[in-house]
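Novice: have a look; sequence and predicted model below, questions after that.
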Amino acid sequence: MWMIVTLADAHTCIRVCFNNDHRGLSSDIIAEHIIPHIMNGPVYKIKEIQASVKQEFHCDVSYKKAWYARRRAIDILYGDWPTSISQLPTYIQELQRSNPGTVVVWDHHPSSTPSNIIFDYIFWAFAPAIQGFRHLKPVICVDGTFLKGPYRGKLLVAVGFDANGSLFPLAYALVDEENNRSWHWFMRLLRIHVCGDMQNICIISDRHHGIINAMRTLEEWQEPLGVHRFCSIHIRSNFIQKFKNERLKNLMYGAGVANQTRKYENFMNVIFSLNTEAYAWLTGGSVRPEQWALCKDGGYRWGHISTNMAECFNNLLRDARLLPITALIRFTFNQTVDLFVKNHKVAWDEVYRLPKKSWDKYVKNEQKRRAHAVQVFDHRMGIYCITTAYRQSHQGGNAQTVDIENRTCTCGKWREFRFPCSHAIAACFRCGISPLTLVAHEHTFSSYQATFTGNFEPLRDPKYWPVAELQLNIIGGRLKQKMPGPLRNSRIRNQMDRRCPDVPRRCSNCL
């Protein structure tokens, strides 16, 4: 037995400490240290890991070691990909048991055998979201984004828009690449399991050849079942890459968002005078006007010109894209549950006569109508001529014709947005009709409340889950491992990412 009788607590020797990036400070040790942070969200930046290690261990670590530590911490919390694939059938079985109506479709590799089923693709859509789509605008934005984990894969998403103008996730799929096969598979399942027999559904996307081919060849998406429109911002990006002229780009975008044919033609005439090849490109050479111009699309877009909402949703999924597949699906489930809980409360506690964003739009239009002059042409048929006030900029004084019976205005906004413009509201006040009765159902509170009436049920504790009979393997499938080591986690920025310096990079929902 030893006994300490003297303790010299004040040292005069030089303290031995870790050198920079000391090999004793392994990625496993760092992983254990950062697990509490990873539990809050797997997107824990490498520079933040390095700063945390410096503060805790007084040691600098390399980017590579910090990256491996984060990858190790994710594996500890959520499992690696092969383990996650093997757990996936059991998780899906419990998910569908607790939430009946949830759709999950598998696609296995052709070389699979009864004893060795090799995973390729998976599609999933939650039952309350499928039910809620019946009360949304018939507009769907589709987009794809890459995974950030050790496997090369793409997450395909489809989102809609609720009555408050917010995004509404509809369906997901995990595939190997964005190509003809994967988009054909996804769009077919989207129609069968989410859209059903609904007609005149507008699909807005970029010009990816896989989406274009799917919309052209799938019988389920031929008119009148569906129409395909392009994101105007993507078209602008493609346009500027080909013609490299800033003025042409601005003119093209102005034509794309114009509500009136007159304004569209003015922009196009200027483009024709500057570059006939650019004019031909926009009028059928590469795209048709109805595919990118708001005033030419027949009102199918409901005023939505871009896939920005889908891309915003991809940004919300940035945490999930680092996770293995079972954890990724669990993340989308929990996120959709939170979305329903939040919006259900808002929908039933709202004090306005319309959902907040729709009400703000109505108030703005109602204030503008006060400066309009109204002339009755046919009171019985509801035909009115509305003249706008002159402004100090020598603009205004325009005459618009409102047809209340057919819910149209020559400004084009009523048809595009299915929402009374200021001219329509002025006509309604003149004839004694409440403008709110002319708002499309998809913008109303009844639509908003019905969208979020579906209920999610929590899953049981995993120890009560029966093991699924289906056993999956990822080896030999279409999903391939990336090269070892840290790779690029963000896409290469291009023309679409150009923005004004004062504009926030993310919307308030993404913060």
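Specialist: Now that the structure is in, tell me what you want to look at.

Novice: please count neighbours and contacts with C-alpha atoms only from this point.
Specialist: OK.

Novice: what packs against the longest helix anywhere in the chain?
Specialist: What stands out as the longest helix in the chain, according to DSSP state H, is helix 325-349. Helices and strands touching helix 325-349, as assessed by 3 or more C-alpha pairs under 8 Å, 6 or more residues apart in numbering; DSSP states H and E, comprise helix 81-98, helix 445-451.

Novice: tell me where the stretch 1-150 of the chain has helices.
Specialist: For the stretch 1-150 of the chain, helices defined by DSSP state H, counting those that start in this stretch occupy the ranges 27-40, 46-57, 63-78, 81-98, 127-132.

Novice: of all these, which one is nearest T145?
Specialist: helix 81-98 (18.4 Å; C-alpha to C-alpha).

Novice: next, the buried residues of the closest one.
Specialist: If you call a residue buried by 16 or more other C-alpha atoms under 10 Å, then helix 81-98 has these buried ones: 81, 83-96.

Novice: shaky segments in the stretch 401-511 of the chain?
Specialist: Flagging of the stretch 401-511 of the chain using pLDDT under 70 yields the residue ranges 483-511.

Novice: spell out the residue ranges of the helices in it.
Specialist: With DSSP H, counting those that start in this stretch, the ranges of helices along the stretch 401-511 of the chain come out as 413-417, 422-431, 445-451.

Novice: let me have those in CSV, adding distance to D60 and mean neighbour count as columns.
Specialist: Shown next, in CSV, are the helices of the stretch 401-511 of the chain (distance: least, C-alpha to C-alpha, whole Å; neighbours: other C-alpha atoms under 10 Å):
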stretch, distance to D60, mean neighbour count
helix 413-417, 56, 22
helix 422-431, 62, 23
helix 445-451, 51, 21
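
Novice: need these in a markdown table with distance to P355, can you?
Specialist: Formatted as a markdown table, these follow (distance: least, C-alpha to C-alpha, whole Å):
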| stretch | distance to P355 |
| --- | --- |
| helix 413-417 | 15 |
| helix 422-431 | 18 |
| helix 445-451 | 6 |
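
Novice: tell me the spacing between N245 and V374.
Specialist: 43 Å (C-alpha to C-alpha, to the nearest Å).

Novice: picking that back up, which one, of the helices of the stretch 401-511 of the chain, ends up nearest to H22?
Specialist: helix 445-451 (55.7 Å).

Novice: which strands and helices sit next to that closest one?
Specialist: By 3+ C-alpha pairs under 8 Å, 6+ apart, helix 445-451 packs against helix 127-132, helix 325-349.

Novice: need the winner for burial among those helices.
Specialist: The highest mean neighbour count among these, using mean count of other C-alpha atoms under 10 Å, belongs to helix 127-132: a mean of 22.

Novice: looking only at pLDDT, what's the mean for that helix?
Specialist: Mean pLDDT, helix 127-132: 96.

Novice: is it true that Q471 touches T83?
Specialist: No. Counting by C-alpha atoms under 8 Å, Q471 does not reach T83; the two are 11.2 Å apart.

Novice: which residues do these two both contact?
Specialist: By C-alpha atoms under 8 Å, 6 or more residues apart in numbering, Q471 and T83 have no common neighbours.

Novice: give me the domain ranges for the chain.
Specialist: 27-78, 82-231+306-344+467-483, 356-439 (automatic domain parsing).

Novice: who wins for proximity to Q260 among those?
Specialist: Nearest to Q260, of the domains of the chain and by C-alpha to C-alpha, is domain 356-439 at 5.5 Å.

Novice: centre of the chain to the closest one, how far?
Specialist: 32 Å (C-alpha atoms, centre = their mean, to the nearest Å).

Novice: cool, stretch 157-175 as well?
Specialist: 6 Å.

Novice: numbering from 167 from now on, please.
Specialist: Okay, residue one is now 167; in that scheme the one you just asked about reads as stretch 323-341.

Novice: so which bits of that stretch are buried?
Specialist: Quick answer for stretch 323-341 (16+ other C-alpha under 10 Å): 323-331, 333-341.

Novice: stretch 225-237 too?
Specialist: 225-227, 231-237.

Novice: tabulate those (CSV), appending pLDDT and distance to S600.
Specialist: Shown next, in CSV, are the buried residues of stretch 225-237 (pLDDT from 0 to 100; distance: C-alpha to C-alpha, whole Å):
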residue, pLDDT, distance to S600
C225, 86, 69
D226, 87, 68
V227, 88, 67
K231, 89, 65
A232, 89, 62
W233, 86, 60
Y234, 88, 63
A235, 89, 62
R236, 88, 58
R237, 85, 59
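
Novice: can you tell me which of the buried residues of helix 247-264 is nearest I401?
Specialist: So of these, ranked by how close each gets to I401 (C-alpha to C-alpha), first place is W247, at 36.8 Å.

Novice: how about that closest one: what's its closest non-neighbour residue?
Specialist: Nearest non-adjacent residue to W247, counting by C-alpha to C-alpha, 6 or more residues apart in numbering: P490, 5.2 Å away.

Novice: how many other residues sit next to the one you found?
Specialist: By the criterion of other C-alpha atoms under 10 Å, P490 has 24 neighbours.

Novice: surely it touches D246?
Specialist: Yes. Using C-alpha under 8 Å, P490 is in contact with D246, at 6.4 Å.
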